[in-house]
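>>> here is a sequence with its predicted model. Questions after.
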Amino acid sequence: MIGTVATRVVIAASNLLLVALAAHLLGLESVGRMSLLLLAITMIMLACNVVGGGALVYLEPRHGTRTLRWIACTWSALACLACYPIVQVLHLAPEGYAGFACVLAFIESLATIHLTLLLGRERYAQHNGLQVMRAGVMLSSFVLLSRHQGAGLSDYALAFGIAQGSTATMAFLLLAGQRASASDAIAAARALFRQGLPAQAANGLQLLNYRLSYYLIDRFQGAGALGLWSITSQLSESSWLVPKSLGTVLYAKVSNMAERDRQRDTTLAVLKISVFMAAMAAAFLIALPGSVYQLVFGAEAKGIRRLVAILLPGLLAMAASQALSHFFSGSGRVMHNTIASGLGLVVTIVVGFLLIPSNGALGAALTASLAFTVSVFYQAIVFSRLTGARLLDYLPNAGDAEQFRVIWRRFTGH
């Protein structure tokens, strides 16, 4: 857990430094176009991860690295080819970059497949190390390309490709010589689709819930406003680093707990820690003077503190959702996560089209807070019905300190 948190902190810091450099070198408008390119790649990756995603972790011990690898890589190539006309027609990427988005998504899918297979073999240190390396290569490549060629969106795209390609190569070498399996390839492919399709449906809804506002701001307010909103989003979502890491560990713990009361108490303890840590991180961001944001992200970066403050209810809601979502996943009730994401998406669509065209990033912040709150409200109602949790159980109480110590010992083995 500590290694995962540390890895995510380093990656988040590297990504924010990259955005800060881009804001100074290119301006907020170009940062907005970078965000659109990255979002297009992420959308394509949803299709790639139907086969090349988290299902590989579960299936690697059963079907072997080599069998799963060629199936996943073949699927990713076909998915990227199929997505090209969709990205082009729907203008999901910046103008002239639809092809780049598909190529870069394929390279990222190769990296993701091999990193996930490393997880399937429980090689956590190598997995985390390669993720940190990828962030470092991305940052250093962008700096070098910007210095020698003059800053531009193409530099970001090339740096992205170098980082993903080097990660895929290193992971491939680490997996070289891994056992072949006598597993039937058809059976392996069926298992991948059976595991991957429901998960990616939920991920797709959640991605749209998080990022639909990007397209709305770009359409109605322009790339400059999108640049400001993308910076605010990345800063705000850094408050979820600890909640996401705790949620990942909670998933495994709940999966191995039979008693309903232990599942409930552990989930509630993680929920409270997650909300507390997110509140501390968000308070720090709100307390920073606006001049600090302008120093880091450029003179155009005005109003970030206000946007984070408006986002605060949604940030706390999604911190709580990390615990509840992993409870549902760990107890075999994934459908409730899909429903929660769907409800949030409905709010994002309805409220977003009402507020974002005229209010830009401010409307996006209000929309996100409302959508995230609706999602977690549904999850809390279902969780309470399933486990018997009362309203008071969600609030801090005198027994939480001891419960936190028990959870810590249970998670760390100390």
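Yep, it's here.
>>> just the helices in the stretch 51-200 of the chain please.
55-63, 65-90, 98-120, 124-149, 153-175, 185-220 (DSSP state H, counting those that start in this stretch).
>>> switch the ones you listed over to JSON lines; also include distance to Leu46, mean pLDDT and mean neighbour count.
Every residue, glycine included, has its C-beta placed from N, CA and C. Output for the helices of the stretch 51-200 of the chain, formatted as JSON lines (distance: least, C-beta to C-beta, whole Å; pLDDT from 0 to 100; neighbours: other C-beta atoms under 10 Å):
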{"stretch": "helix 55-63", "distance to Leu46": "14", "mean pLDDT": "64", "mean neighbour count": "20"}
{"stretch": "helix 65-90", "distance to Leu46": "9", "mean pLDDT": "89", "mean neighbour count": "18"}
{"stretch": "helix 98-120", "distance to Leu46": "10", "mean pLDDT": "91", "mean neighbour count": "23"}
{"stretch": "helix 124-149", "distance to Leu46": "20", "mean pLDDT": "88", "mean neighbour count": "17"}
{"stretch": "helix 153-175", "distance to Leu46": "16", "mean pLDDT": "93", "mean neighbour count": "19"}
{"stretch": "helix 185-220", "distance to Leu46": "5", "mean pLDDT": "79", "mean neighbour count": "18"}
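>>> as JSON lines, those with distance to Thr373 would be great.
Formatted as JSON lines, those follow (distance: least, C-beta to C-beta, whole Å):
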{"stretch": "helix 55-63", "distance to Thr373": "31"}
{"stretch": "helix 65-90", "distance to Thr373": "29"}
{"stretch": "helix 98-120", "distance to Thr373": "31"}
{"stretch": "helix 124-149", "distance to Thr373": "31"}
{"stretch": "helix 153-175", "distance to Thr373": "33"}
{"stretch": "helix 185-220", "distance to Thr373": "12"}
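>>> for Ser291, the count of nearby residues, please.
By other C-beta atoms under 10 Å, 8 other residues sit near Ser291.
>>> can you name the element that comes right after the host helix or strand of it?
Using DSSP states H and E, Ser291 falls within helix 290-297. Sequence order places helix 304-330 as the next helix or strand after helix 290-297, per DSSP H and E.
>>> how close does Ala171 get to Leu16?
25 Å (C-beta to C-beta, to the nearest Å).
>>> again with Leu208
24 Å.
>>> export stretch 72-80 as PDB, just CAs?
What follows is stretch 72-80, C-alpha atoms only, in PDB (Å, rounded to 0.1, in the frame of the first residue of the first chain):
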ATOM      1  CA  ALA A  72      -4.500  -8.700 -26.000                       C
ATOM      2  CA  CYS A  73      -2.000  -7.100 -28.400                       C
ATOM      3  CA  THR A  74      -3.900  -8.200 -31.500                       C
ATOM      4  CA  TRP A  75      -7.200  -6.900 -30.000                       C
ATOM      5  CA  SER A  76      -5.600  -3.500 -29.200                       C
ATOM      6  CA  ALA A  77      -4.400  -3.100 -32.800                       C
ATOM      7  CA  LEU A  78      -7.900  -3.900 -34.100                       C
ATOM      8  CA  ALA A  79      -9.500  -1.600 -31.600                       C
ATOM      9  CA  CYS A  80      -7.300   1.300 -32.500                       C
END
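>>> contacts only, for Met133.
Ser166, Thr167, Met170 (C-beta atoms under 8 Å, 6 or more residues apart in numbering).
>>> pLDDT score for the closest residue to Ser35 other than its chain neighbours?
Distances taken as C-beta to C-beta, 6 or more residues apart in numbering put Ser230 closest to Ser35, at 3.8 Å, once the chain neighbours are dropped. Confidence at Ser230, expressed as pLDDT, is 92.
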